[in-house]
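Enquirer: Provided below for reference: sequence and predicted model.
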Amino acid sequence: MASVRIREAKEGDCGNILRLIRELAEYEKLLDQVKITEEALRADGFGENPFYHCLVAEILPAPGQPQGPCVVGYGLYYFIYSTWTGRNVYLEDIYVKPEYRGQGIGSKIIRKVAEVRRGMGLQARAWKSNGMVALDKGCSQFRLAVLDWNKRAMDLYKALGAQDLTEAEGWHSFRFEREAMRELAGK
């Protein structure tokens, strides 16, 4: 197996992240819903107050190989707040290219979002200023969603210790699209 590194995304990774977002959307049969641009990813993730953070998984070349690292997966997350439990982290997307699945890369991304990051000497500005991810941030929960037909992903999350809230508590997820938000706002 090739050597894999999970690291905080850099602004220059936005092209690869967008490519992987589109691959994930195609896998989920929802490609027509992807409206994000590389420019929006840059502005929203690498400005003074980022809306999201992102990890990338890259395959490192063997010694002597001419090509550089190859990005094969990502995990995009942000912090949310629960009125019942306080600070939470939400993993919006996790994706690993099909040819690299089954090698533990997805598990490594999930663990990296959850782990304590003290003293790791991270170079990304957002991580320097924040200094940590979920546990060090005092998060009480790590949340994510999965499509009901993606049994492989559900099995992975359960194996890692996640609880299926639809099974356990009957929660359903809803969203308001832009037009519905405009109507709500009276615009």
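Expert: Thanks, I have the structure now. Residues are numbered from 1 along each chain as shown.

Enquirer: Could you tell me whether Ala40 really is in a helix?
Expert: Yes: counting by DSSP: H, G, I helix; E, B strand; the rest coil, Ala40 is found in a helix.

Enquirer: Now do it, the pLDDT please.
Expert: We have a pLDDT of 98 for Ala40.

Enquirer: likewise Leu135?
Expert: Looking at Leu135, the pLDDT reads 81.

Enquirer: Pull the number of nearby residues for it.
Expert: Using other C-beta atoms under 10 Å, Leu135 has 16 other residues around it. The way it works is simple: take the backbone N, C-alpha and C, and place the C-beta from them, glycine included.

Enquirer: looking at this, it is in a helix?
Expert: No: counting by three-state DSSP, Leu135 is not part of a helix but coil.

Enquirer: That one and Ala114 touch, don't they?
Expert: Yes: using C-beta atoms under 8 Å, Leu135 is in contact with Ala114, at 6.5 Å.

Enquirer: What pairs with the longest strand along the chain, parallel or antiparallel?
Expert: Ranked by residue count under DSSP state E, the longest strand found in the chain is strand 70-82. The strands that strand 70-82 pairs with in its sheet are strand 53-60 (antiparallel), strand 86-96 (antiparallel) (by DSSP bridges).

Enquirer: Highest mean neighbour count out of those?
Expert: Stretch with highest mean neighbour count among the strands paired with strand 70-82: strand 53-60 (a mean of 22; mean count of other C-beta atoms under 10 Å).

Enquirer: got the contact list for that strand?
Expert: 2-9, 13, 16-17, 45, 69-78, 96, 100, 105, 108-109, 112-113, 126-127 (C-beta atoms under 8 Å, 6 or more residues apart in numbering).

Enquirer: Let me know the next secondary structure element after the worst-scoring helix or strand of the chain on mean pLDDT.
Expert: Least confident helix or strand of the chain, by mean pLDDT, DSSP states H and E, is helix 125-130 with a mean of 35. Using DSSP states H and E, the helix or strand that follows helix 125-130 towards the C-terminus is strand 141-144.
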